[in-house]
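Engineer: I'll drop the sequence and a predicted model, then ask my questions.
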Amino acid sequence: MRPGESGPADRVTHREIGTEYLLIPPLLVRPKRWHTRVELREYLYDVDPDAIDRALDDLHAEGIVHLDGERVRVSACARHVNELVGDVIEQEDER
């Protein structure tokens, strides 16, 4: 793909962006571990389970999480970006 061209990920409609935002922290706490949808629903007990499923589907379509039936795990790319961002934030805090 050339700069300026759109790819398949550019076509994902994020239907539950707020729910996506809430899902990322628990997934990144133990990033190499598989989590279950049930665990995530319990963690976000006040969020509609269908909204959680839609958010996970959208995160999967973007390559942010891997889905295996009822199991969910954050992707290696998302883990790496999290580490980079954490390093950047720590460096900014030190200034």
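Structural biologist: Thanks, I have the structure now.
Engineer: would you mind measuring from Asp46 to Ile24?
Structural biologist: 17 Å (Cβ to Cβ, to the nearest Å). For every residue, glycine as well, the C-beta is placed using N, CA and C.
Engineer: which one's more surrounded, the two?
Structural biologist: The neighbour comparison of Asp46 against Ile24 (other Cβ atoms under 10 Å) goes to Ile24, with 16 against 5.
Engineer: buried residues in the helix or strand containing that one?
Structural biologist: Here Ile24, judged by DSSP states H and E, is contained in helix 17-29. Using 16 or more other Cβ atoms under 10 Å as the test for burial, helix 17-29 gives Thr19, Glu20, Leu22, Leu23, Ile24, Pro26, Leu27.
Engineer: ok, stretch 63-78 next?
Structural biologist: Neighbour-count burial for stretch 63-78 flags Ile64, Val65, Val72, Arg73, Val74, Ser75, Ala78 (criterion: 16+ other Cβ under 10 Å).
Engineer: from those, pick the one nearest Thr36.
Structural biologist: Val72 (7.2 Å; Cβ to Cβ).
Engineer: isn't that closest one up against Leu40?
Structural biologist: Yes - contact criterion Cβ atoms under 8 Å: Val72 and Leu40 qualify, at 6.6 Å.
Engineer: now do the shared contacts for those two.
Structural biologist: Common neighbours of Val72 and Leu40, using Cβ atoms under 8 Å, 6 or more residues apart in numbering, are Leu27, Leu56.
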